[in-house]
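S.K.: Got a sequence here, can you model it:
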Amino acid sequence: MVQPETLFFPRSRSRSSESELMQRLEETRGLLWNFLRQRLLRAADVEDVIQETWIRARRAWPRYKEQGKFRSWLLRIAYRECCRFQKQQMRQLELLPADEVETRTPSRQIQQNERVERIHQAIRELPAHEREAVWLRVVEEMPYEELSFVLRCPENTAMTRVRRGLQRLRVTLKEER
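M.R.: The predicted structure is shown next:
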């Protein structure tokens, strides 16, 4: 009979390696939460995607090589999981009647009178590729080299996404005054 842990950790990695992965996953939980919260509206959805990310990371751990940064590797997995989740959600929304879809809009959840909420709304309105780039660069203070690895794009493209996203935020927030 196959032990459950061998499904995730083939014999090529030791138990100490397994505990190292678990420690690293716990250390990056806040980073994953913040990253995914920018893309997903509900906290429960964020938790679901974090769990899927951890499962995929555990399965890929035997193939992980310490050539890059662990958090970049993990964020790349989270990014792919989030895209899968969103595609699944879109498929489900297509099956709902139009009146039910309208009640799920994020604009009903945002309080317009508070400045902090307006900034979060402006960030959410950015195109996904700019929103992710701005969040990772500004909030997580990720270097462009690492940012380009997570987003799977050239470094210059990552720089452009951050610059354009910040420009859009400035314009949007300036119009609010």
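S.K.: contacting residues for the closest residue to E155 other than its chain neighbours?
M.R.: Nearest residue to E155, sequence neighbours excluded (CB to CB, 6 or more residues apart in numbering): S148, at 4.3 Å. All C-beta atoms are positioned from the backbone trio N, CA, C, and that covers glycine. Taking CB atoms under 8 Å, 6 or more residues apart in numbering, we find S148 in contact with 154-155, 157-158.
S.K.: In helices only, show me those residues.
M.R.: 155, 157-158 (DSSP state H).
S.K.: Filter those residues down to the buried ones.
M.R.: The neighbour-count test (16 or more other CB atoms under 10 Å) applied to the ones in helices among the contacts of S148 identifies 157-158 as buried.
S.K.: Now render the ones in helices among the contacts of S148 as TSV, adding distance to E52 and pLDDT.
M.R.: Shown next, in TSV, are those (distance: CB to CB, whole Å; pLDDT from 0 to 100):
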residue	distance to E52	pLDDT
E155	28	91
T157	27	93
A158	25	92
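S.K.: okay if I get the contacts of S148 as JSON lines plus distance to R118?
M.R.: Output for the contacts of S148, formatted as JSON lines (distance: CB to CB, whole Å):
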{"residue": "P154", "distance to R118": "33"}
{"residue": "E155", "distance to R118": "31"}
{"residue": "T157", "distance to R118": "28"}
{"residue": "A158", "distance to R118": "26"}
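S.K.: wait, which of those residues is closest to L31?
M.R.: A158 (17.3 Å; CB to CB).
S.K.: what sits against Y144?
M.R.: Counting by CB under 8 Å, 6+ apart, Y144 has contacts 137, 155, 158-159, 162.
S.K.: nearest to W33, of those residues?
M.R.: R137 (17.7 Å).
S.K.: tell me the domain ranges of the chain?
M.R.: 8-104, 107-177 (automatic domain parsing).
S.K.: Which of the ones in helices among the contacts of S148 sits closest to I55?
M.R.: A158 (27.5 Å).
S.K.: Hmm, E130 and the closest one touching each other?
M.R.: No - with contact defined as CB atoms under 8 Å, A158 and E130 do not form a contacting pair (10.5 Å).
S.K.: Go through the helix or strand hosting L147 and flag the buried ones.
M.R.: Per DSSP states H and E: L147 is located in helix 144-151. Buried residues in helix 144-151, defined by neighbour count with 16+ other CB under 10 Å: 144, 146-151.
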